[in-house]
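Trainee: Got a predicted structure here, sequence first:
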Amino acid sequence: MKTYLDFASTTPMALEVIEQMNAVMSEASYGNPSSLDHQFGVSANKIVEESRKVVAGLINADPDEILWTSGATESNNLAIVGFHQFQYKGKPMRFMTSHLEHKSVIECMHTIESHGSNICFIRPNDHGRIDFETFLDQIDKDIIFVSCMHVNNETGLINDIEEIGKYCRNNEIIFHVDAAQSIGKIPIDVKDMCIDLLSMSAHKVYGPKGIGALYINKETVGRVKSIIVGGGQERGMRSGTLPTHQIAGMATAYDLSKIRMHEDHGHIKQCREAFLKKLSGISGWRINGAEKHTYPGIISISFPDLYSESLIYAMEGFAISRGSACSSDHDEPSHVLKSMGLLDHEIDGTIRISFGRNTTLNEANAAASELIKSVSHLRNLKGDN
Amino acid sequence: MNQKEAFFDTAHVMQDSSAGDEFITELATSSNGMWLKLFSRLDQEGKSQVYYQVHGCPHLIAITSMLISDLQNKSIQELETHNIKEYAEIINLPKTKQDRLFLLEDALKGCIKHLKRA
């Protein structure tokens, strides 16, 4: 059995989540949450609305500002394309984002570009982060919408969301945040951070796959245009029968994360420190990004003299990845690392190790030992030892 | 030897850089940065000794290890008739990685050419 160290890709469901989902599926709450003419629907609807409160509570939003989706990718689509389609009146609008974003954001930007609006991409600073100064240097007066991820899925770098949010609010710019990697792991307050749209998913925080949410600030945004049409659920902005058991699972996962956030963060930080301390026994590697402003659960490490695919293969007992799960099944170099200025051989030699709630200190230490052994084997094959 | 065993096998890896002078070396490189270096010589009976160094994906490493293991104590004629393609089947080399075979072929052909001259 391999040790799972790919928590940035997805997480195993918490036992409490599985139990809650089982309970919901077993109870007489299998009715359609929109069918309020009978008890089955009312019961399901009650679970959905209670869950909405829990999700809203994690980010200090009102429950009626939460819209259920199938995950962060759909939330990003709804936030960007849905906002664009609702606001577009034949006159091009100017959107801003960065090359660090998840593909779902970048592809949405290309979509609205094809619909007549224009896009500009922010370059990150030398450490691969969007800090306020970097943002301020590159924003122009025509921008009406900014999309910036909170925690980067490949490097763990935390962007300067609060400062960027305040600037956007003061300048009447709509601010969208992809929080797929940060929700439930570090605090988010949509009011303090002046966020207008926030994309969330459940499966990165020990919840089920296939469920997520979009926060829509009711005062600054109000509505987006539905990109999935049909029965008009979710106030007409997202059609489709709501999956009660998955929604309940997401709420349970968020509830747990709220309770355990501090403890989880401390534990994951310890795992990171133990791993890096042990890894310091060998040379020829570097962390992509900076130690400061980083979520400790994600480590992007570059071995410029090696092939990451071989490193991963050599680390037999551990499930680690090359980078984002969305790009690890093809050979395209990571657009995130490219935008950070890494050379091709540095990208080819990059692995991502991500720790989670279930990782033990022993596993973190063992992973570092195994990595050292693997690096030594591959360097030996090159005649470098 | 399966793919995993071949990947970890270092029996014929050239580890002593100074010993490289006693061998004929042949380097094959690919545009994606992978490379394979063969060190070869014939003993007094005209039989081959082949060692290697390699940098690349796990498939290239495994296939190289298997091939070199099979190239020991062979005559030049036997080296020339050795079928590289069969290794692709043994390790289920993905279609997108068929270029790894070219790298092996180039290195082996170069190696045989030098051995013939020597």
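Mentor: Arrived safely.

Trainee: Please make it C-alpha for all contacts and neighbour counts, starting now.
Mentor: OK.

Trainee: mind listing the strands for the chain?
Mentor: If you meant another chain, say so; for now it's chain A. A:3-4, A:66-69, A:94-98, A:118-122, A:143-149, A:174-178, A:197-201, A:212-216, A:286-287, A:298-302, A:318-319, A:350-354 (DSSP state E).

Trainee: Switch to chain B, please.
Mentor: Along chain B, counting by DSSP E, strands occupy B:24-29, B:35-42, B:48-55.

Trainee: Export those strands as JSON lines, with columns for distance to A:I47.
Mentor: As requested, the strands of chain B are exported to JSON lines (distance: least, CA to CA, whole Å):
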{"stretch": "strand B:24-29", "distance to A:I47": "61"}
{"stretch": "strand B:35-42", "distance to A:I47": "59"}
{"stretch": "strand B:48-55", "distance to A:I47": "56"}
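
Trainee: which one of the strands of chain A is the most hemmed in?
Mentor: strand A:197-201 (a mean of 29; mean count of other CA atoms under 10 Å in any protein chain shown).

Trainee: Quick check: closest non-adjacent residue to the one residue in the stretch 151-300 of chain A that gets nearest to chain B.
Mentor: Of all residues in the stretch 151-300 of chain A, A:G284 sits closest to chain B, at 15.7 Å by CA to the nearest CA. With sequence-adjacent residues excluded and distances taken as CA to CA, 6 or more residues apart in numbering or on different chains, A:G284 is closest to A:F303, at 6.2 Å.

Trainee: Now A:S35: closest residue in space, sequence neighbours ignored.
Mentor: A:G41 (4.7 Å).

Trainee: Measure how buried that neighbour is and give me the count.
Mentor: 18 (other CA atoms under 10 Å in any protein chain shown).

Trainee: and if you look at B:A28?
Mentor: Other residues close to B:A28 by other CA under 10 Å number 18.

Trainee: ok, B:H12 touching B:S69?
Mentor: Yes: applying CA atoms under 8 Å, one finds B:H12 in contact with B:S69, separated by 6.8 Å.

Trainee: any idea how far the closest residue in space to A:V24 that isn't next to it in sequence is from A:Q39?
Mentor: Excluding the flanking residues, the one nearest A:V24 by CA to CA, 6+ apart is A:H245, at 5.6 Å. Going from A:H245 to A:Q39 by CA to CA, to the nearest Å gives 17 Å.

Trainee: Compare these two and say which is more crowded by neighbours.
Mentor: A:H245 (25 against 13).

Trainee: contacting residues for the more buried one?
Mentor: A:20-22, A:24-25 (CA atoms under 8 Å, 6 or more residues apart in numbering or on different chains).

Trainee: For chain B, which residues are neighbours of chain A?
Mentor: B:8, B:10, B:13-17, B:33, B:52-58 (CA under 8 Å from any CA of the partner chain).

Trainee: cutoff 6 Å now
Mentor: B:15, B:53-58 (CA under 6 Å from any CA of the partner chain).

Trainee: CSV for those residues, including pLDDT and neighbour count?
Mentor: CSV is the format used below for those (pLDDT from 0 to 100; neighbours: other CA atoms under 10 Å in any protein chain shown):
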residue, pLDDT, neighbour count
B:Q15, 85, 19
B:Q53, 96, 25
B:V54, 97, 26
B:H55, 96, 23
B:G56, 94, 23
B:C57, 94, 20
B:P58, 95, 23
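
Trainee: So which of the residues you listed is the closest to B:K4?
Mentor: B:P58 (8.9 Å; CA to CA).

Trainee: My read is that that closest one contacts A:I312, right?
Mentor: No: using CA atoms under 6 Å, B:P58 makes no contact with A:I312, being 9.1 Å away.

Trainee: now A:H265: how far from B:T25?
Mentor: From A:H265 across to B:T25, the span is 53 Å (CA to CA).

Trainee: what about the closest residue to A:T134 other than its chain neighbours, how many residues close to it?
Mentor: Using CA to CA, 6+ apart and skipping the chain neighbours, the partner closest in space to A:T134 is A:N125 (6.2 Å). Using other CA under 10 Å, A:N125 has 17 neighbouring residues.

Trainee: now the end-to-end length of stretch A:55-73.
Mentor: 17 Å.

Trainee: in it, what counts as buried?
Mentor: By neighbour count with 16 or more other CA atoms under 10 Å in any protein chain shown, stretch A:55-73 contains the buried residues A:55-59, A:61-73.

Trainee: and whichever residue of the stretch 1-150 of chain A sits closest to chain B, what does it touch?
Mentor: Distances between the stretch 1-150 of chain A and chain B by CA to the nearest CA are smallest at A:K2, namely 15.6 Å. Residues in contact with A:K2 (CA atoms under 6 Å, 6 or more residues apart in numbering or on different chains) are A:317-318.

Trainee: Ok, A:N288 next?
Mentor: A:300-301.

Trainee: Let's see that with 7 Å instead.
Mentor: Listed by CA atoms under 7 Å, 6 or more residues apart in numbering or on different chains, the contact partners of A:N288 are A:155, A:300-302.

Trainee: Of the residues you listed, which are in range of chain B?
Mentor: Among those, not one lies near chain B by CA under 7 Å from any CA of the partner chain.

Trainee: Format those residues as CSV; extra columns: pLDDT and distance to A:C108.
Mentor: Putting these into CSV (pLDDT from 0 to 100; distance: CA to CA, whole Å) gives the following:
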residue, pLDDT, distance to A:C108
A:T155, 96, 22
A:S300, 97, 26
A:I301, 97, 29
A:S302, 96, 29
